[in-house]
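pasting the sequence and the predicted coordinates here, then a few questions.
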Amino acid sequence: MAEPQRRATGRALVPVAVLALVWGLNWPILKLGVTELPPLTFRGYTLAVAGLGLLAIARASGESIRVPRALWPLVVLLALFNITGWNGLVLFGVQQMPAGRSAILAYTMPVWATLVSLMVLHEPIGRRKALGLLLGMAGMLLLLGEDLATIERRPFAALMILGAAFIWACGTVLLRKHKPPLPQNTLTGWMMIVGWAPLAAVAPLLDPDWAARIPSLNATAWFAILYNIVLAGTIAHWAWFTIARTLPVAVSSLSSLPVPVVGVFAGMLVLGERPGWPEWAALALVVAALVAVMWPAGNKPPSTAPASPED
């Protein structure tokens, strides 16, 4: 692997860790949020504010937040896939299924992204990436196996989450293909605001009292809203789109594999479940998948500590 690519992969470990913790912990928090509020109402309260936060960060960093007129159609297209489609479907699924198991279904995304990238980008997978994909998906299928009965009882929820995963995969490939020449925070902020607009337009149709709910929100709802604005909305979206723009699709999509594992364990902590052998085995498989995909070719893993972002 060339030196610049090796350094880019090393630096990607930081946003990968951010994603694993913030989005993984967010699955039970999402469950709490959509228990207190209808799904689109919940997203209507969070997405636009998080997008404005990213634009504020861009402005404070000296970046321009202006989008040239010629780029707006592309920004809208990316927003519809990465923000509107994903959020419009996944919350209806997590509302009806356990949070940890919902995360596992959602993160079948790497399979769809790899397949779509083969057709659209013609990116070679290679043996190490293919091995990482197989290991990671084996871990998720191991956890999913115990929930086949749940999926059979709730096909709508499972289809919503799988549909969200496929749409997100398409959005990841489109982002990698077009690479809009915009600062990262500017692009992500506008995508979140543009992607929020259709959800906010539909929310009052499903929940006529969506705006009047704010004064009566309890502490749980406020916690879920603020977490999804500051951490899951602003910081994690910066991390994800940084990865999606700078790494090949097969690597960037596989880098999200720790999220469902963290989500399962976070759901156990919040819901009082206890981990069994499938959870531990899945964790080992996902870690092995990350090593196979993220480690630079031709270098042996160090025997002491993992490489720092600057190595």
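Noted; the coordinates are in hand.

okay, CA-based contacts and neighbour counts for the rest of this
OK.

ok, Leu71 - how many residues close by?
Using other C-alpha atoms under 10 Å, Leu71 has 12 other residues around it.

pLDDT on stretch 110-121, on average?
Averaged over stretch 110-121, pLDDT sits at 79.

I meant to write stretch 31-51 there.
pLDDT averaged over stretch 31-51 gives 92.

my read is that Ala138 contacts Leu285, right?
Yes. When contacts are counted by C-alpha atoms under 8 Å, Ala138 is listed as touching Leu285 (7.1 Å).

can you pick out the residue with more neighbours from these two?
Between Ala138 and Leu285, counted using other C-alpha under 10 Å, Leu285 has the larger neighbour count: 22 against 17.

just checking, the more buried one touches Gly136?
Yes. If you go by C-alpha under 8 Å, Leu285 and Gly136 touch, sitting 5.9 Å apart.

whichever helix or strand Leu142 is part of: which residues count as buried?
For Leu142, the host element (DSSP states H and E) is helix 126-145. Residues of helix 126-145 classed as buried under the neighbour-count rule (16 or more other C-alpha atoms under 10 Å) are 128-133, 135-144.

can I get the CA coordinates of that helix in PDB?
Output of helix 126-145 as PDB, limited to C-alpha atoms (Å, rounded to 0.1, in the frame of the first residue of the first chain):
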ATOM      1  CA  GLY A 126      -9.600  -8.200  -3.400                       C
ATOM      2  CA  ARG A 127      -9.100 -11.200  -1.100                       C
ATOM      3  CA  ARG A 128      -8.500  -9.300   2.100                       C
ATOM      4  CA  LYS A 129     -11.600  -7.200   1.700                       C
ATOM      5  CA  ALA A 130     -13.700 -10.200   0.700                       C
ATOM      6  CA  LEU A 131     -12.400 -12.000   3.800                       C
ATOM      7  CA  GLY A 132     -13.300  -9.000   6.000                       C
ATOM      8  CA  LEU A 133     -16.700  -8.800   4.500                       C
ATOM      9  CA  LEU A 134     -17.400 -12.500   5.100                       C
ATOM     10  CA  LEU A 135     -16.100 -12.400   8.700                       C
ATOM     11  CA  GLY A 136     -18.100  -9.300   9.500                       C
ATOM     12  CA  MET A 137     -21.300 -10.500   8.000                       C
ATOM     13  CA  ALA A 138     -20.800 -13.900   9.700                       C
ATOM     14  CA  GLY A 139     -20.700 -12.100  13.100                       C
ATOM     15  CA  MET A 140     -23.900 -10.200  12.300                       C
ATOM     16  CA  LEU A 141     -25.700 -13.400  11.000                       C
ATOM     17  CA  LEU A 142     -24.600 -15.200  14.100                       C
ATOM     18  CA  LEU A 143     -26.500 -12.600  16.200                       C
ATOM     19  CA  LEU A 144     -29.300 -12.500  13.700                       C
ATOM     20  CA  GLY A 145     -29.900 -16.200  13.800                       C
END
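
helices or strands up against it?
In terms of contacts (3 or more C-alpha pairs under 8 Å, 6 or more residues apart in numbering; DSSP states H and E), helix 126-145 is packed against helix 99-106, helix 109-120, helix 249-254, helix 277-294.

residues in contact with Leu71?
Pro180 (C-alpha atoms under 8 Å, 6 or more residues apart in numbering).

ugh, wrong one, I meant Leu80
Listed by C-alpha under 8 Å, 6+ apart, the contact partners of Leu80 are Val194, Gly195.

checking it next. Helix, strand or coil?
helix (DSSP: H, G, I helix; E, B strand; the rest coil).

what about it, distance to Thr172?
12 Å (C-alpha to C-alpha, to the nearest Å).
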